[in-house]
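[1] here is a sequence together with a model predicted from it:
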Amino acid sequence: MLVDLLIARWMLVSDTPISATMKYVKPGTKTTSQTRSPFAWVLYLLECENGSYYAGITTDLERRFAEHVFGFGARYTRANPPQRVIAVKAFPDRASASRAEAALKKLPRSRKVAFFAA
């Protein structure tokens, strides 16, 4: 299972523990609106080894960050591994998270972190 592999590799190379509350949901499992968070999607900003920023959206930030770290994420982060998560902002649905991601990517570097404070 990919998630187990990522966790095992993370534990070998990192001093930072993966949250004990991380849950694996079997693919295809349907969730009810009562169990779903009102902010299911998050926009995140990573700082990469070369000092550049990478922005993306996900429903599980810990899993996605681990994917980026171990080369299973975006092509950009395979070439420029991320060092840390700089900022996170929650959104109620994928559409609003995608719009915010597009707006963030249009901003100059100097205004990207401030975008998350608004």
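    Received it, and whenever you're ready, just let me know what you need. Numbers count the residues shown, from 1 in each chain.

[2] count the neighbours of Gly78 for me.
    One correction, residue 78 is Arg, not Gly. For Arg78, the count of nearby residues is 12 (other Cβ atoms under 10 Å). No exception for glycine: its C-beta is placed from N, CA and C like everyone else's.

[3] same question, Tyr76
    Neighbour count of Tyr76, defined by other Cβ under 10 Å: 14.

[4] then Lys112?
    Other residues near Lys112 come to 16 when the count uses other Cβ under 10 Å.

[5] isn't it up against Tyr44?
    No. Under the criterion of Cβ atoms under 8 Å, Lys112 lies out of contact with Tyr44, with a separation of 11.5 Å.

[6] in the longest strand along the chain, which residues are buried?
    Looking across the chain with DSSP state E, the single longest strand is strand 82-91. Along strand 82-91, the positions that meet the burial threshold by neighbour count (16 or more other Cβ atoms under 10 Å) are Pro82, Ile86, Ala87, Lys89, Phe91.

[7] who touches both of Lys112 and Tyr44?
    In terms of Cβ atoms under 8 Å, 6 or more residues apart in numbering, Lys112 and Tyr44 are both contacted by the residues Ala55.

[8] what about His68, helix or strand, and which?
    helix 61-69 (DSSP states H and E).
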